[in-house]
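Enquirer: Take a look and give me a structure for this.
(2 chains)
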Amino acid sequence: MSDNMQVSRTGAAANTGAEQEQQRAVLPAVDVFEDAGGITLLADLPGVSKEQLELKVDGDALWIEGAVQALTPEGLEAVYAEVRVPRYRRSFTLSRELDAARIEANLKDGVLTLRIPKQAHAQPRRINVSTG
Amino acid sequence: MYESILNHPGNLFGQFERLRRELDDVFGVAALPSSIRSVAPGTLPAVNVGRTQSSVEIYAFAPGLDASKIEVTLDRGVLRIAGERASGIPADDPKLHVYSRERGTGSFSRAIALPDDIDPGQVTASYRDGVLNVSVARRESAQPKRITVQ
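Expert: Reported below is the predicted structural model:
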């Protein structure tokens, strides 16, 4: 479950947007941190398999959505449930210096790792101050 | 214990959580009996428990763990799930800017009281996609039987 995936880049998200609004979803917990090369995002998506994870970049919006696969064996009767909404959804606004075309995604043990690199020209460089 | 997005300060969900608590106070829901081992809502790992005719199935939503380090014990009808999760944020990089730290880290332990009809000798556990599934068989005597009328 640790294969690398490519993030699909779609121009029109409106077609499925209305449907997605109907389905209830919970916000997954995330860690977001930035280093010189880009931003890393970790999201807790327990129960989501690679096939049921959807990553989308639409303009400057990044969408993460995942469905918890049916865990129930036949004839299962729920006794107690804390996870009642089997769907996670969260979106983020990317900024211009980030390179959405080169996002790398990895899903392992229910944790999604997204690496969003900065555009090459946006990487920090030291500006020399000349005196004279 | 894991932190929850529900406990995140300033979060919209946090405000909902406060509203829910206030409503519980007003309508007295909080006074209803709950399990003595239940934890605050939103505490991770979240646990679902289900029952089939032949087994009791426990699902613990615990992402990002090392399967070999999850401790599952069954003692006198109480199933205990314990483990530890390291932070995914590198700690030793001074140039790192951390914007969001919602994923809980550290050790956790949860206990679930199981029904009396389980067979403690037949327990299996598996970890897949961040969900730990513990399956405890029920005794044969507890399973429904068809009785022939003579």
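
Enquirer: what bits of chain B have low per-residue confidence?
Expert: Chain B contains residues with pLDDT under 70 at B:1-18, B:20-35, B:37-43, B:142-143.

Enquirer: Apart from its neighbours in sequence, what residue is nearest the residue nearest the centre of it?
Expert: Geometric centre of chain B, nearest residue: B:V47, 2.8 Å, by C-alpha atoms, centre = their mean. Nearest non-adjacent residue to B:V47, counting by C-beta to C-beta, 6 or more residues apart in numbering or on different chains: B:A60, 5.2 Å away. No exception for glycine: its C-beta is placed from N, CA and C like everyone else's.

Enquirer: all strands of the chain, in order?
Expert: Chain wasn't specified; assuming chain A. Assigned by DSSP state E, the strands in chain A fall at A:4-6, A:8-9, A:30-35, A:38-44, A:53-58, A:61-67, A:77-81, A:87-93, A:104-108, A:111-117.

Enquirer: My question was about chain B, not that one.
Expert: Under DSSP E, chain B gives strands at B:46-51, B:55-61, B:71-75, B:78-85, B:97-101, B:106-113, B:118-128, B:131-138.

Enquirer: Contacts for the longest one, please.
Expert: Strand B:118-128 has contacts (C-beta atoms under 8 Å, 6 or more residues apart in numbering or on different chains) with A:109, B:56, B:65, B:67, B:70, B:72, B:74, B:77, B:132-139.

Enquirer: out of the residues you listed, what pair is the most spread apart?
Expert: A:D109 and B:R139 (33.1 Å; C-beta to C-beta).

Enquirer: okay, the two: which has more neighbours?
Expert: A:D109 (19 against 14; other C-beta atoms under 10 Å in any protein chain shown).

Enquirer: Give me whichever of the strands of chain B is most buried.
Expert: Ranked by mean neighbour count under mean count of other C-beta atoms under 10 Å in any protein chain shown, these are led by strand B:55-61, which reaches a mean of 24.

Enquirer: Point out the other helices and strands that that one packs with.
Expert: strand B:46-51, strand B:78-85, strand B:131-138 (3 or more C-beta pairs under 8 Å, 6 or more residues apart in numbering or on different chains; DSSP states H and E).

Enquirer: one step back: go through the strands of chain B and name the closest to A:L62.
Expert: Comparing the strands of chain B under C-beta to C-beta, the one sitting nearest is strand B:97-101, at 13.6 Å.

Enquirer: looking at the helices and strands packed on strand B:55-61, which is closest to B:G104?
Expert: strand B:78-85 (7.1 Å).

Enquirer: Could you count how many residues lie near residue 87?
Expert: Here I'm looking at chain A. Close neighbours of A:R87, defined as other C-beta under 10 Å, add up to 16.

Enquirer: not what I meant, chain B
Expert: B:S87 - counted by other C-beta under 10 Å - has 14 other residues nearby.

Enquirer: roughly how far apart are it and B:L96?
Expert: B:S87 is 12 Å from B:L96, where distance means C-beta to C-beta, to the nearest Å.

Enquirer: Likewise for A:R87?
Expert: Distance from A:R87 to B:L96, by C-beta to C-beta: 31 Å.

Enquirer: And A:G110, by the same measure?
Expert: For A:G110, the distance to B:L96 - C-beta to C-beta - is 24 Å.

Enquirer: Look at the two and report which has more neighbours.
Expert: Taking other C-beta under 10 Å, A:G110 and B:L96 do not tie; A:G110 has more neighbours (26 against 14).

Enquirer: how's chain B carved up into domains?
Expert: If you go by automatic domain parsing, the domain ranges for chain B are B:1-41, B:44-142.

Enquirer: Which among those domains is found nearest to A:R24?
Expert: Here domain B:1-41 is closest among those (C-beta to C-beta), at 13.3 Å.

Enquirer: Next one: stretch A:64-82, is it in contact with chain B?
Expert: Yes - under the criterion of C-beta under 8 Å from any C-beta of the partner chain, chain B is reached by stretch A:64-82 at A:69, A:71-82.

Enquirer: So which bits of that stretch are buried?
Expert: Neighbour-count burial for stretch A:64-82, counted by 16 or more other C-beta atoms under 10 Å in any protein chain shown, picks out A:I64, A:E65, A:G66, A:A67, A:V68, A:L71, A:L76, A:E82.

Enquirer: Need the contact partners of that stretch.
Expert: A:20, A:25, A:28, A:43, A:45-49, A:52-56, A:83, A:86-92, A:112, A:114, B:41, B:46-53, B:56-57, B:59, B:61, B:129, B:131, B:133.
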